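Peer 1: can't give you the sequence, but here's the structure:
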């Protein structure tokens, strides 16, 4: 399968997925939580808006946040946002909803709205990596010691960690590949690439950043506050 | 192998390992970095000092920090600290140095000095878990999507994460087991339990805490500052 060249004739569309329930945030909606002067969602949104490689943005929000999302897009001048879409129960349902609106795009970038510190540089590097195989994901090397356990919570083994990476977003796919993955693979997935892997398509890793954190808990938000002075520099 | 009961006749000793070079801290020594009014090392030290289950503490520090460590122990009234020992190049060399001073102990608790938010409750739970098999480690379930990759940075597979745990410290061992592991197993190890696993001894997992972070980078120190108001509550 030949990956097409990414150039000015190939439309690159972003799906920002932010329809989660913020279950571990003690009642706070993480997507609209203030982070150094603007809502969490505005960080990724501003980056996609200003990054020249990106043509168009689809925002996937929970039903109750759609009006608030539209207002944010207006306030921040996100002219690239063409759709604000209601997500589903699971993350993959939300991505599937967004995919309906990128059928004219050559490439699709899927990004978690709760990862504020994505950079245009990371997007550009990801597009280059995706150009090699049709699918690429940001990831960082595992630094913890990882154990696999048996049912009775006895360690089965320590995994050799030199080949283990933690997946992040952005995850970038040729449009036909990610559409086919969502159409054909119906299993539960914790990221988009794992569906593509099940098609037998090679997924390339490109180096993300330890600063490219996902906000899941109030502690993550506190960490994001500390990092936001540096705009997610790899600290 | 029968694990002896842990009671008032069984001496429980702690080795606090803090001899690292703070390589990723931009020149700051993480062990003595201020964290809400006291040095990082004082957090774990205070907890072991005040936790009734612990009889004795061995501090393993870098050569250049030994005097500073002795002074900290005096200032904070750590009467349980019987030895301040010079560590080695690798973490496991430092643990081996500490193990020379716990030969009279029935149980050994190994803890990273860069994990400030250990609690006496965690220590007590760990001792109970270790009583079952002779070896137990604190760990938390993996929440990221983990990929194993091949040489060319192509994803080989997404690991099923439901049985994957991230090892933390404290790691708690029957004294004869950990001594034998360090004597017989000479391979590189990223934690103490992996040496014990190689002896074929069953290592039990007990739930650590997501707040029980290890300070490795300036961003971790910023997160610790945010968490320290809650003394490492599982946020």
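Peer 2: Happy to help now that I have it. Just so you know, these numbers come straight off a predicted model, no measurement behind them.
Peer 1: can you tell me the strand partners of the strand ranked longest in chain A and which way each runs?
Peer 2: Ranked by residue count and defined by DSSP state E, the top strand of chain A is strand A:164-174. The pairing partners recorded for strand A:164-174 under DSSP bridges are strand A:107-112 (antiparallel), strand A:135-141 (antiparallel), strand B:146-149 (antiparallel).
Peer 1: which among those strands is found nearest to residue A:152?
Peer 2: strand B:146-149 (22.3 Å; Cβ to Cβ). Using the backbone N, CA and C atoms, a C-beta is placed for each residue, glycine as well.
Peer 1: report the buried residues of the longest helix anywhere in chain A.
Peer 2: Longest helix of chain A, by residue count under DSSP state H: helix A:120-133. Across helix A:120-133, burial judged by 16 or more other Cβ atoms under 10 Å in any protein chain shown covers A:122, A:123, A:125, A:126, A:127, A:129, A:130, A:131, A:133.
Peer 1: try stretch A:69-84
Peer 2: Going by 16+ other Cβ under 10 Å, stretch A:69-84 has these buried residues: A:69, A:72, A:73, A:76, A:78, A:80, A:81, A:83, A:84.
Peer 1: can you show me the helices along chain A?
Peer 2: Secondary structure of chain A (DSSP H): helices located at A:40-50, A:66-75, A:91-99, A:120-133, A:175-184, A:192-198, A:218-228.
Peer 1: could you pull up the mean pLDDT of the last one?
Peer 2: Averaging pLDDT along helix A:218-228 gives 88.
Peer 1: what do you get for the third one?
Peer 2: Within the predicted structure, the mean pLDDT of helix A:91-99 is 97.
Peer 1: same check, this time on the first one
Peer 2: Throughout helix A:40-50, pLDDT has a mean value of 98.
Peer 1: quick one: find the helix or strand in chain A with the lowest mean pLDDT.
Peer 2: In chain A, the helix or strand scored least confidently by mean pLDDT, DSSP states H and E is helix A:218-228, which has a mean of 88.
Peer 1: check whether it comes near chain B.
Peer 2: Yes - using Cβ under 8 Å from any Cβ of the partner chain, helix A:218-228 reaches chain B at A:218, A:219, A:222, A:223, A:225, A:226, A:227.
Peer 1: for the third one, give me its contacts.
Peer 2: Read it as residue A:222. Applying Cβ atoms under 8 Å, 6 or more residues apart in numbering or on different chains to residue A:222 gives the contacts B:223, B:226, B:227.
Peer 1: could those residues go into TSV alongside distance to chain A and neighbour count?
Peer 2: Formatted as TSV, these follow (distance: Cβ to the nearest Cβ, whole Å; neighbours: other Cβ atoms under 10 Å in any protein chain shown):
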residue	distance to chain A	neighbour count
B:223	4	23
B:226	3	20
B:227	6	25
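Peer 1: now these as CSV including distance to residue A:154?
Peer 2: Output for the contacts of residue A:222, formatted as CSV (distance: Cβ to Cβ, whole Å):
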residue, distance to residue A:154
B:223, 31
B:226, 34
B:227, 30
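Peer 1: what's the closest of those to residue A:98?
Peer 2: Here the nearest of those to residue A:98, counting by Cβ to Cβ, is residue B:223; it sits at 31.1 Å.
Peer 1: how close does the closest one get to residue B:49?
Peer 2: From residue B:223 across to residue B:49, the span is 25 Å (Cβ to Cβ, to the nearest Å).
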